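Asks: can't give you the sequence, but here's the structure:
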């Protein structure tokens with residue numbers, strides 16, 4: 001978590017809301033003049049309402065730096081009354097408070113992206129950026145979820161990555177998806193080069209486990225990028 005106390009704060013109006021899955025929405029907001037970020041970075045977000053202005057949570061930009069709006073893909077956790085549950089109830093015209101950008105996940109070269117659940121969000125902007133530059137080829141995405149209905153932007157990743165997109169589900173068997181977890185056997189079966197860059201994002205236990213497996217398979221520890 002970034003603790004930089006010198007960050008600027010900006011109030012932005014929500015201009016568009018779109019449901020992506022049963023528990024994920026995409027929010028578009030105004031973009032402050034001169035506001036910058038790099039694909040893969042995040043910011044602290046709060047809701048501009050009484051009782052919620054100081055409740056900041058990190059969310060990743062899924063838009064491109066050159067877009068004239070900001071976009072966030074946010075997963076809701078309805079079983080506890082937190083920020084994401086409040087965000088789910090927001091409507092167009094409501095406001096968010098955002099800080100400056102920060103984050104460790106940035107593109108360092110062609111490689112394999114491994115995401116678990118909402119951990120896909122830093123990779124959305126990176127892949128969009130690579131696509132806009134015609135530089136997608138040679139990158140692969142492994143996206144782990146519980147069930148088929150949890151897969152965020154599945155058709156988009158199929159469209160832009162083709163066979164370089166692997167969806168794996170650990171709670172159901174569905175045609176077109178691998179079944180199981182991103183463990184050593186799965187990685188050995190699906191990858192033949194462990195000297196390339198790796199980008200890992202998801203729940204902390206998964207990030208730690210996958211990073212350790214990659215090292216055991218010969219990946220350079222300095223070539224594994226994840227959010228600290």
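Replies: Okay, I see it. Predicted, not measured: the structure shown is a model, and the values here were computed from it.
Asks: pull the longest strand from this structure.
Replies: Counting residues, the longest strand found in the chain (DSSP state E) is strand 9-21.
Asks: after it, next one along is what?
Replies: Past strand 9-21, further along toward the C-terminus, the next helix or strand under DSSP states H and E is strand 24-29.
Asks: For that next one, which strands pair with it and how are they oriented?
Replies: Looking at strand 24-29 with DSSP bridges, its partner strands are strand 9-21 (antiparallel), strand 70-75 (antiparallel).
Asks: Adding mean pLDDT, mean neighbour count and distance to residue 173, write those strands out as TSV.
Replies: (Glycine included, C-beta is placed from N, CA and C.) Formatted as TSV, these follow (pLDDT from 0 to 100; neighbours: other Cβ atoms under 10 Å; distance: least, Cβ to Cβ, whole Å):
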stretch	mean pLDDT	mean neighbour count	distance to residue 173
strand 9-21	96	15	19
strand 70-75	96	22	23
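Asks: Please report the distance of residue 161 from residue 223.
Replies: As judged by Cβ to Cβ, to the nearest Å, residue 161 and residue 223 stand 21 Å apart.
Asks: ok, residue 77 touching residue 87?
Replies: No. With contact defined as Cβ atoms under 8 Å, residue 77 does not reach residue 87; the gap is 10.4 Å.
Asks: who has more neighbours, those two?
Replies: Using other Cβ atoms under 10 Å, the more surrounded residue of residue 77 and residue 87 is residue 87, with 24 against 13.
Asks: In three-state terms, label the more buried one for me.
Replies: Three-state call for residue 87 (DSSP: H, G, I helix; E, B strand; the rest coil): helix.
Asks: Pull the contacting residues for it.
Replies: Neighbour list for residue 87: 25, 27, 47, 74, 76 [criterion: Cβ atoms under 8 Å, 6 or more residues apart in numbering].
Asks: Residue 135 now?
Replies: By Cβ under 8 Å, 6+ apart, residue 135 lies in contact with nothing.
Asks: one step back: other residues contacting the longest strand of the chain?
Replies: Against strand 9-21 from outside (Cβ under 8 Å, 6+ apart): 25-32, 35, 48, 69-70, 73, 90-99, 149-153.
Asks: 7 Å instead, please
Replies: 25-30, 32, 35, 48, 69-70, 73, 90, 92-99, 149-150, 152-153 (Cβ atoms under 7 Å, 6 or more residues apart in numbering).
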